[in-house]
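*Asks:* can't give you the sequence, but here's the structure:
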C-alpha cells in the first residue's frame, strides 16, 4: 500500500514538474528566438533601409546593452514581488517590440524597439530560475535546468528557416510581426495555464541560509560575496568561449586550414547538435551527483583539448565533424551543472537577483567577444582564435573549483531511490 501511494504521489509530482518546465521552457524558447530573429534578415534589411552592416550590428549591441542593464533590477523585483507576472509581462513586451518593428518598418524605429526588446529579455533568467527553483522537485532540478537551457537552443535553431520562409512568402515586415504576435499569444497561454508557476517572495523550498551556506546574506551584499562574483566571472568566460565558437569558427577554420565554408558550417552544425544533446545528458548527470564542479571542470578540459586539435590540425571532414560533435556534447553537459553551481551558493529567496546578476556575464560576453575575435581575424591571426577560446575554457575550469558547486543538501541519500521518474 505504501509503495503504491508513493508511486501515485511521485507520478503526480512528475506531471506537475513537467508542466512547470514546459511553461518556463516556452518562455525561454521565445527569449532565444527573438535574440536571433533579425540576424538572418540582415541582407534584406541592409537594402531595405540603405544602411551598413555596422549600423545593423548596432541593433544587436543596443539590445545586449539593454538586457545587461535590466537583468539585475528585474532580479531584485522578482525576489520582492514574485516571478510569475514579471515573466508573463516580459514575454508579452518582448513580442510587442517585434510587432512594432514589423508595423513601423524603419531603421530608427527598429533601433528604438530593440531597446524595449533587450530590456524585456532581461526578465527571463531571473524569473525562470526563481520559478524552477521554487516549483520543481529537488530530485528533478538538474533536468529542469537542462530542459530550460535546451528550449533556448531550440529557439535559436527554429529562427533561420522560420523567418526566412515568412519573409519570402509574406515580406519581412509581416514575418517579424507574426513572430512578435506569437510571443504575445504564448504570454496569454502562460496566463491561462500558469497556476503551476508557484514562485512568490519567500517561496524557495530551501532553508533561508544559502544553498550550502556559502553566500548567506541579503540585499546588495550578496553580489559582493566572492562565490557570487566568481559565478559572474564563470558566466562571462563561458559567453566569451561560446561566442568565439558560434560566431567565428567558420571564418577561423577557413583562414587557418583553408576549410571550405560549407564544410566548416557542417562542423558548426554538428557542434550545435552535440551541444543540445549534451544539455539533456548534463541534466541527468546533474541529478545523479553532488560534484557539479568536477563535472564542469572535466568537460571544460575535454572541450579545450578538442578546440586546440581543431585549430592546429587540418582534419578530414569526417574527423572534423566527429570532433566538433564531441566538443559540443562536452560543452553542453556543462550547462546544467553551471546552473546547479549557482543555485548551490545562492541564499533561499535570492534566486532572482543572483541569476539576474550572474547572467549579465552573458551580456558582457556578447558585447566583448565579437570585437575581440573580429580583431584577431582582421590582424591575420586566425589561429589565435582557437588558442584564446581554449584559454577561456581553462580559466573557467579554475573558477568552478573556486565557487564550490556542491548540490543543496550534499549527497543524495540512496542514489537509486532518487532516480528520476
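*Replies:* On my side now, so go ahead. None of the values given here were measured: they were computed from a predicted structure. Numbering: from 1, shown residues only.
*Asks:* Mind listing what's buried along the helix or strand where residue 324 lies?
*Replies:* Using DSSP states H and E, the element containing residue 324 is helix 317-344. Going by neighbour count (16 or more other Cβ atoms under 10 Å), the buried part of helix 317-344 is 320-321, 323-344. Every C-beta, even on glycine, is put in place using the N, C-alpha and C of the backbone.
*Asks:* Remind me what that helix packs against, helices and strands.
*Replies:* For helix 317-344, the packing partners by 3 or more Cβ pairs under 8 Å, 6 or more residues apart in numbering; DSSP states H and E come out as helix 124-135, helix 141-170, helix 226-257, helix 261-287, helix 292-312, helix 351-358.
*Asks:* want to try TSV for those helices, with mean neighbour count and distance to residue 375 as columns?
*Replies:* TSV is the format used below for the helices and strands packed on helix 317-344 (neighbours: other Cβ atoms under 10 Å; distance: least, Cβ to Cβ, whole Å):
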stretch	mean neighbour count	distance to residue 375
helix 124-135	29	29
helix 141-170	20	25
helix 226-257	21	11
helix 261-287	20	20
helix 292-312	21	17
helix 351-358	29	26
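*Asks:* These: which one's closest to residue 47?
*Replies:* helix 141-170 (12.3 Å; Cβ to Cβ).
*Asks:* From the contact counts, what lies against that closest one?
*Replies:* So helix 141-170, by 3+ Cβ pairs under 8 Å, 6+ apart, packs with helix 2-36, helix 124-135, helix 172-193, helix 261-287, helix 317-344.
*Asks:* Of all these, which one comes closest to residue 147?
*Replies:* Using Cβ to Cβ, the helices and strands packed on helix 141-170 put helix 2-36 closest to residue 147, at 5.2 Å.
*Asks:* and after the closest one, which helix or strand comes next?
*Replies:* Next in sequence after helix 2-36, counting helices and strands by DSSP H and E, comes helix 42-49.
*Asks:* hmm, who's touching that next one?
*Replies:* With Cβ atoms under 8 Å, 6 or more residues apart in numbering as the test, helix 42-49 has contacts from 38, 51, 52, 53, 55, 56, 105, 106, 107, 167, 172.
*Asks:* Taking those residues, tell me the two that lie furthest apart.
*Replies:* The largest separation in the contacts of helix 42-49, counting by Cβ to Cβ, is between 52 and 167 at 20.4 Å.
*Asks:* And the average pLDDT for the helix or strand hosting residue 60 is what?
*Replies:* Assigned by DSSP H and E, residue 60 belongs to helix 53-81. Mean pLDDT, helix 53-81: 85.
*Asks:* Would you mind pulling up the elements that it packs against?
*Replies:* If contacts are counted by 3+ Cβ pairs under 8 Å, 6+ apart, helix 53-81 sits against helix 42-49, helix 84-104, helix 107-121, helix 124-135, helix 351-358, helix 360-378.
*Asks:* so where is the stretch 151-300 of the chain shaky, pLDDT-wise?
*Replies:* In the predicted model, the stretch 151-300 of the chain carries pLDDT under 70 at residues 198-221.
*Asks:* Flag the shaky bits of the stretch 1-150 of the chain, pLDDT-wise.
*Replies:* Along the stretch 1-150 of the chain, the parts satisfying pLDDT under 70 run over 1-12.
*Asks:* Quick one: residues contacting residue 120.
*Replies:* Contacts of residue 120 were listed using Cβ under 8 Å, 6+ apart, and they are 70, 90, 91, 93, 94, 97.
*Asks:* Can you give me the buried ones in stretch 78-85?
*Replies:* 78, 79, 82, 83, 84.
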